[in-house]
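*Asks:* Quick one: sequence and predicted model below, then my questions.
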Amino acid sequence: MTKKIALFPGSFDPFTKGHEDIVLRGLKIFDEIIIAIGYNSKKSSRYFDLEFMQERISSAFTKYPNIKVVVFSELTAEYARKNNAQYLLRGLRNTTDFEYENSIAQVNRYLNAELESVFLITSPEYASISSTIIREVHKYQGDVSKFLPYKL
Ligand code: ADP
């Protein structure tokens with residue numbers, strides 16, 4: 001049987017427990033998940049360095065040989081094709097996420113019709129965790145450790 005490979009792309013600036021929850025629940029559906037830290041042109045400069053985040057996320061999943069963490073800077077649909085990922089995994093917290101994800105999914109379908117987008121609804125305990133809020137708290141020396149699946 002063909003391995004079910006999902007690409008979980010995002011800015012992950014930083015990767016949160018909300019993201020971790022989507023990955024771990026995704027493992028019940030997929031054989032392998034590639035967490036792909038991408039460059040988002042809407043969020044031009046990063047707060048946490050790409051390579052630093054890659055290393056920190058990897059440290060949270062050392063137990064899982066079927067989770068890979070990569071950095072990429074090309075079209076998500078193209079990157080998925082090259083890496084034999086048949087699924088694109090994304091998380092949904094609210095209607096704002098839905099509006100955004102809906103348009104991305106339509107574009108990705110146009111770019112790669114073989115790639116199926118799959119959405120998992122956030123677990124209620126993580127519904128209000130966002131990378132944006134964590135960056136704000138961290139910037140003013142607040143303790144964000146509770147929201148992250150690794151140590152900074
Ligand atoms: P992007 O810049 O591509 O939106 P993010 O790192 O902000 O990347 O998010 C990656 C994915 O994770 C998106 O699908 C987003 O909706 C989802 N996500 C973010 N935070 C949470 C959370 N707390 N619970 C569930 N999904 C989340």
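*Replies:* Right, received. Where do you want to start?
*Asks:* Strands of this structure, start to end?
*Replies:* 5-10, 32-38, 67-72, 87-92, 116-121 (DSSP state E).
*Asks:* hmm, who's touching the first one?
*Replies:* Read that as strand 5-10. With CB atoms under 8 Å, 6 or more residues apart in numbering as the test, strand 5-10 has contacts from 19, 22-23, 26, 29-38, 72, 76, 79-80, 83-90, 118. Where C-beta positions appear, they are placed from N, C-alpha and C, glycine not excepted.
*Asks:* who's in contact with the longest helix anywhere in the chain?
*Replies:* Assignment by DSSP state H gives helix 95-111 as the longest helix of the chain. Identification of contacts with helix 95-111 by CB under 8 Å, 6+ apart yields 75-78, 88, 90-92, 115, 117, 119.
*Asks:* follow-up on the earlier one: just the buried members of the contacts of strand 5-10?
*Replies:* 19, 22-23, 26, 30, 32-38, 72, 76, 79-80, 85-90 (16 or more other CB atoms under 10 Å).
*Asks:* Close to the ligand as well: tell me which of these qualify.
*Replies:* Among the buried ones among the contacts of strand 5-10, the ones lying near the ligand by CB under 6 Å from any ligand atom are 19, 22, 90.
*Asks:* sorry, back to before: any chance of a PyMOL selection covering the buried ones in the contacts of helix 95-111?
*Replies:* To isolate the buried subset of the contacts of helix 95-111 in PyMOL, counting by 16+ other CB under 10 Å, use the following:
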select buried, resi 76+77+88+90+91+92+115+117
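*Asks:* With pLDDT and distance to I57 added, can I get the contacts of helix 95-111 in JSON lines?
*Replies:* Putting the contacts of helix 95-111 into JSON lines (pLDDT from 0 to 100; distance: CB to CB, whole Å) gives the following:
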{"residue": "L75", "pLDDT": "95", "distance to I57": "22"}
{"residue": "T76", "pLDDT": "96", "distance to I57": "17"}
{"residue": "A77", "pLDDT": "96", "distance to I57": "22"}
{"residue": "E78", "pLDDT": "96", "distance to I57": "22"}
{"residue": "L88", "pLDDT": "98", "distance to I57": "18"}
{"residue": "R90", "pLDDT": "98", "distance to I57": "16"}
{"residue": "G91", "pLDDT": "98", "distance to I57": "15"}
{"residue": "L92", "pLDDT": "98", "distance to I57": "21"}
{"residue": "L115", "pLDDT": "97", "distance to I57": "22"}
{"residue": "S117", "pLDDT": "98", "distance to I57": "21"}
{"residue": "F119", "pLDDT": "98", "distance to I57": "21"}
